[in-house]
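Asker: When you get a sec, could you give me coordinates for this:
(one chain, ligands or ions: 1)
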Amino acid sequence: MFSVVSGSLYAADVDLWIDSSGSRERCYVSHGHSDHARRHVRIIATPQSAAICRSRLGGEIAYETYAYDEGFTMGEARLTLFPAGHVLGSSQLQIECERGRFVYTGDFKLGETLTCRPAEVRRCDLVLMECTFGRPQYTFPPREEVCAALVDWARGALDAGQTPVVHAYALGKAQEVMAILGRAGLPLMAHGAIDKLARVYVEQGVALPPYARYEAGKTDGHVVVMPPGGNSAPILAKMTEPRTAIVSGWAMDSGARYRYGVDAAFPLSDHADFAALLRYVELAQPSKVLLHHGFKSFAHELRRRGVEAEFLEEHAQLTLF
Ligand SMILES: [Zn+2]
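Answerer: Numbers count the residues shown, from 1 in each chain. Got it, this is the predicted structure:
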């Protein structure tokens, strides 16, 4: 029923491509990040993801939108989108047919989030999940601890007359960082690329704190949120004593500050950490786990725990059911 063709997942029975990297007639798009959302003739997504795709991909794409839990049928199968907790509008796809229940997680994160619906985990027979942080060293500290450290760092820089610059991906992470810093009462300034998507968030009903759009020469007294670019970004040369930070799960790596060329690194991610990946499998109780987008060794971690698991290779031709 399901197969992987040239690295993209294809559900043959319902003639549906899933987060395909190539352009398709009709494709389900789990969320708006560019490695998942490509231009297709027709995109199936949540209304929020469609709004993000419209903003990022431009016109001439037809959208077929389904709210979370608004089921729809394709052939003999019943499909449902449900929250993935990754970025605004991100969804997991559930396909139910007589052979069982299949869930495609897309990118997901468990636990609290200020800017999108928290992820749900559903019982299923077969799951295809991402395992970006599928190694034990990527077990993140408690979220509140990381948020407090980020706020303290930014406030400390402002108090010292410096300009704290937080690097965060323009879709999702940046808006979450703005919500965290805004909740602490810190004055915010957002780079244009982030502002563009923040507007979509607000249009879609997400409460973001007030912020100013980035303007050169006006950054004093603000926490500046901008896409990753490191200390070499020319924009920084126009700021008073910039101090930079990256907000990413990869901050768990000891070399993260060096790799990103920043002064500080905070391990806040929109992906599940190692512990959450294991928790997902415990809760979903699938008879088989298929993995992609991450460390292949996570399949061994699951098998060691008695779970049937297999890493899906890029060019596998595989019938899942
Ligand atoms: Zn993503």
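Asker: burial of the closest residue to the ion within the stretch 201-321 of the chain, as a residue count?
Answerer: Distances from the stretch 201-321 of the chain to the ion, computed as CB to the ion, single out Asp270 as the nearest residue at 6.8 Å. C-beta here means a position set from N, CA and C on the backbone, and glycine is covered the same way. Residues near Asp270, counting by other CB atoms under 10 Å, number 27.
Asker: Which strand or helix spans it?
Answerer: For Asp270, there is no host helix or strand (DSSP states H and E).
Asker: ok, it touching Val87?
Answerer: Yes. Assessed by CB atoms under 8 Å, Asp270 is found in contact with Val87 at 6.0 Å.
Asker: any shared contact partners between the two?
Answerer: Asp107, Gly172, Lys173 (CB atoms under 8 Å, 6 or more residues apart in numbering).
Asker: Just the strands from the stretch 51-200 of the chain, written as ranges.
Answerer: Using DSSP state E, counting those that start in this stretch, the strands of the stretch 51-200 of the chain run over residues 62-65, 72-74, 77-83, 91-97, 100-104, 126-131, 163-167, 188-190.
Asker: Same list, those, but as a markdown table with mean neighbour count, mean pLDDT and distance to the ion please.
Answerer: Formatted as a markdown table, the strands of the stretch 51-200 of the chain follow (neighbours: other CB atoms under 10 Å; pLDDT from 0 to 100; distance: least, CB to the ion, whole Å):
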| stretch | mean neighbour count | mean pLDDT | distance to the ion |
| --- | --- | --- | --- |
| strand 62-65 | 14 | 96 | 19 |
| strand 72-74 | 13 | 94 | 23 |
| strand 77-83 | 20 | 96 | 14 |
| strand 91-97 | 23 | 95 | 12 |
| strand 100-104 | 21 | 93 | 13 |
| strand 126-131 | 25 | 95 | 8 |
| strand 163-167 | 25 | 97 | 17 |
| strand 188-190 | 24 | 98 | 20 |
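Asker: With distance to His292 as added columns, please give these in a markdown table.
Answerer: Converted to a markdown table, the strands of the stretch 51-200 of the chain look like this (distance: least, CB to CB, whole Å):
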| stretch | distance to His292 |
| --- | --- |
| strand 62-65 | 24 |
| strand 72-74 | 22 |
| strand 77-83 | 19 |
| strand 91-97 | 14 |
| strand 100-104 | 10 |
| strand 126-131 | 6 |
| strand 163-167 | 27 |
| strand 188-190 | 32 |
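Asker: For the stretch 1-150 of the chain, which segments count as helices?
Answerer: 47-57, 143-159 (DSSP state H, counting those that start in this stretch).
Asker: My error: substitute the stretch 151-300 of the chain in the last question.
Answerer: Going by DSSP H, counting those that start in this stretch, the stretch 151-300 of the chain shows helices at 173-183, 192-203, 256-260, 274-284, 297-304.
Asker: of all the ones you listed, which gets the most neighbours per residue?
Answerer: helix 173-183 (a mean of 23; mean count of other CB atoms under 10 Å).
Asker: what angle do that helix and helix 143-159 make?
Answerer: Here helix 173-183 points in a direction 70 degrees away from that of helix 143-159 (axes from the mean of the first three to the mean of the last three CA atoms, to 10 degrees).
Asker: low-scoring stretches of the stretch 51-200 of the chain, by residue?
Answerer: In the prediction, the stretch 51-200 of the chain carries no residues with pLDDT under 70.
Asker: What's the local residue count around whichever residue of it sits closest to the ion?
Answerer: Taking CB to the ion, the ion has its nearest neighbour within the stretch 51-200 of the chain at Asp107, 3.6 Å off. The criterion is other CB under 10 Å. On that basis, Asp107 has 24 neighbouring residues.
Asker: measure stretch 206-220 end to end?
Answerer: Using CA to CA, to the nearest Å, one end of stretch 206-220 lies 27 Å from the other.
Asker: again, but for stretch 253-266
Answerer: 11 Å.
Asker: now do stretch 289-301
Answerer: Start-to-end, stretch 289-301 (CA to CA) is 12 Å.
Asker: touching the ion at all, that stretch?
Answerer: No. Among the residues of stretch 289-301, none lie within reach of the ion under CB under 5 Å from the ion; the closest is 9.1 Å away.
Asker: List the contacts of that stretch.
Answerer: 107, 126-136, 277-278, 281, 302, 307-312, 320.
Asker: hmm, 7 Å instead?
Answerer: Stretch 289-301 is touched from outside by 127-132, 134-135, 277, 281, 302, 307-312, 320, with contacts defined as CB atoms under 7 Å, 6 or more residues apart in numbering.
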